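1. Using only what follows, build the 3D model:
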Amino acid sequence: TLLSESSIETATVNRFVISAEVDEAEADADEFEGDDLEDLAPLSMRVNAGLFDLIIGIVATMIIMSPFVLAGGDWLSLSGGLLFAGALAIVLFLYTTFSVALVGKTLGMRLFSLEVVDVDENEYPTMQQAAVSSSVFLLSVIFAGVGFVPMLFNPERRAAHDLASGTIVVREF
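-> Numbers count the residues shown, from 1 in each chain. Here you go, the predicted structure:
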């Protein structure tokens with residue numbers, strides 16, 4: 001069948017062209033913020049590194065405390081448990097402080113490719129920053145993890161020990 005000209009409909013397509021000016025400083029800042037977020041240490045990696053370091057601290061404390069057991073000390077008593085907990089706190093403080101101050105990471109952080117840097121200087125923390133971080137970290141562990149709560153609300157995922165010491169945990173460069 002033949003179609004008549006009156007039955008054929010024509011459609012017009014309108015095309016819109018939108019041009020927008022982008023401020024280069026804003027574009028660079030947006031790109032920089034995205035890169036920063038990629039460099040932040042994921043919570044799961046931080047937890048795993050912390051657990052690994054805790055295991056290292058427990059083993060080191062058991063080795064240090066072995067003369068106490070060999071001398072007839074009782075590990076299962078209240079005094080033995082408190083002695084072990086105190087020794088563990090000292091071992092973990094020294095281990096994390098010196099590791100972070102000297103090489104910017106503990107063995108657990110090294111395993112998960114993380115490192116601690118000074119927020120302002122973008123270098124490894126000073127001995128004082130590392131000591132503050134270690135102290136507040138241990139207090140957070142003692143008080144059932146209260147010091148880790150800021151990580152959930154902070155866009156940089158910084159815990160109380162990071163905020164107190166002026167440091168941040170990032171993926172290794």
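
2. helices or strands up against the helix or strand encompassing Ser134?
-> Using DSSP states H and E, Ser134 sits in helix 127-142. Secondary-structure packing of helix 127-142 (3 or more Cβ pairs under 8 Å, 6 or more residues apart in numbering; DSSP states H and E): helix 78-103, strand 114-118, helix 160-165. C-beta: built from backbone N, CA, C; applies to glycine.

3. So what touches that helix?
-> 89, 92-93, 96-98, 100-101, 116, 118, 125, 146-148, 159-162, 164-167 (Cβ atoms under 8 Å, 6 or more residues apart in numbering).

4. circling back to that earlier point, rebuild the helices and strands packed on helix 127-142 as TSV, extending it with mean neighbour count.
-> Shown next, in TSV, are those (neighbours: other Cβ atoms under 10 Å):
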stretch	mean neighbour count
helix 78-103	17
strand 114-118	21
helix 160-165	21
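
5. for Leu111, what are its contacts?
-> Ala49, Phe52.

6. And it, how far from Leu40?
-> 18 Å (Cβ to Cβ, to the nearest Å).

7. could I get whichever strand or helix holds Val169 in PDB with only the CA atoms?
-> With secondary structure defined by DSSP H and E, Val169 is part of strand 167-171. Output in PDB follows, covering the C-alpha atoms of strand 167-171 (Å, rounded to 0.1, in the frame of the first residue of the first chain):
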ATOM      1  CA  THR A 167      49.100  11.800  63.300                       C
ATOM      2  CA  ILE A 168      47.100   9.900  60.600                       C
ATOM      3  CA  VAL A 169      47.400   6.300  59.400                       C
ATOM      4  CA  VAL A 170      47.600   6.000  55.700                       C
ATOM      5  CA  ARG A 171      48.400   3.400  53.100                       C
END
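
8. list the helices and strands that strand packs on?
-> With contacts taken as 3+ Cβ pairs under 8 Å, 6+ apart, strand 167-171 sits against helix 24-39, strand 114-118, helix 160-165.
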